[in-house]
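**Student:** Next input, structure requested:
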Amino acid sequence: MGTARLTTTVSVRADGRVTVVTIERPDRRNAVDISTAKALFDAFKRFDEDGHSDVAVLTGAGGAFCAGADLKAIAEGERRPVEPEGEFGPMGPTRLKLGKPVIAAIEGPAVAGGMELALWCDLRIAARSAVFGVFNRRFGVPLIDLGTIRLPRIVGHGRALELILSGRAVGAEEALRIGLVNEVTEDGGALTRAVALAHALSAFPQTAMRNDRLSALEQWDLSEAEAIANEVERGLDAIASGETAEGSERFRDGEGRHGRFAAGVGEAEDPAP
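**Tutor:** Predicted structure coming up:
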């Protein structure tokens, strides 16, 4: 690992071209107060602007991902901005639209606002004992970090409503089955696997991958015709970068034949007889 930057409650360290952001409040199960929300927001703004980093990993210290907003701080009078516009969300980065992917490495609880932080990430790697849930339901705390928007898009409307209304706990295996997480590891292995996957993504040509990611995210706000035009525009940008021509030459010269693929992402079947 590279040199770490540490605020009181959030650490940031570089591992090659991967940035690892860790919530450092294990005594509160990494619940987020206003200073932590601001530190997370600042960390991901810096990551997005860092030309030496391609992928970020978000995790929590001490065997917990994040137990949500710090209700003890709220009960003691802490207030944080809740506005319909702007980049800053009550949990910090949840309204940021980054140009690069973020992977959540989840051990223990990712509940309430912590689940919303996980939903903000592009991919979610969960340890077997991880727990998800809209636990804020029982305390009259609303989902205001885009949970009511992202959860239906990820798991489907019917399942999302059941989770939102019931507030029940969802284990890692169920989360995998319904598409809430992308992969389950043994306990203690989520961060290692997430960092390995981040390095694998970093090894790809970046312009095409980032543009495809943005097109997939942006299409939700567009009509079909607008989404098509946006995909074409972003595709042309990737072609103009030279990545497509360079990659075609590598394929011509034998790279990637017979389904060989990047280690850490998965092995593809040979698409041709």
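
**Student:** Mind giving me the packing neighbours of the helix or strand Leu58 falls within?
**Tutor:** Element membership for Leu58 (DSSP states H and E) is strand 55-60. Judged by 3 or more Cβ pairs under 8 Å, 6 or more residues apart in numbering; DSSP states H and E, strand 55-60 is in contact with strand 18-23, strand 102-106, helix 190-202. Where you see a C-beta, it was placed from the backbone N, CA and C, and this is true even at glycine.

**Student:** what does whatever helix or strand comes next after the shortest one contact?
**Tutor:** Along the chain past strand 102-106, the next helix or strand (assigned with DSSP H and E) turns out to be strand 109-111. Defining contact as Cβ atoms under 8 Å, 6 or more residues apart in numbering, one finds that strand 109-111 is touched by 29, 64-68, 104, 117-118, 126, 130-136, 169.

**Student:** Can you turn the buried part of those into a ChimeraX selection?
**Tutor:** Per 16 or more other Cβ atoms under 10 Å, the buried members of the contacts of strand 109-111 correspond to this ChimeraX selection:
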select :29,64,65,66,67,68,104,117,118,126,130,131,132,133,134,135,136
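
**Student:** possible to save the helices and strands packed on strand 55-60 as CSV with mean pLDDT and distance to Arg95?
**Tutor:** Formatted as CSV, those follow (pLDDT from 0 to 100; distance: least, Cβ to Cβ, whole Å):
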stretch, mean pLDDT, distance to Arg95
strand 18-23, 98, 16
strand 102-106, 98, 14
helix 190-202, 97, 22
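
**Student:** Among these, which comes closest to Glu249?
**Tutor:** The minimum distance between Glu249 and the helices and strands packed on strand 55-60 falls on helix 190-202, with 21.3 Å, by Cβ to Cβ.

**Student:** buried ones in that closest one?
**Tutor:** So, applying 16+ other Cβ under 10 Å, buried residues of helix 190-202: Ala190, Leu191, Arg193, Ala194, Val195, Ala196, Leu197, Ala198, His199, Ala200, Leu201, Ser202.

**Student:** contacting residues for the third one?
**Tutor:** Same thing as Arg193. Ala105, Ile125, Glu183, Thr185.

**Student:** quick one: it and His199, what's the gap?
**Tutor:** Arg193 sits at a distance of 11 Å from His199 (criterion: Cβ to Cβ, to the nearest Å).

**Student:** Perfect, that will be all.
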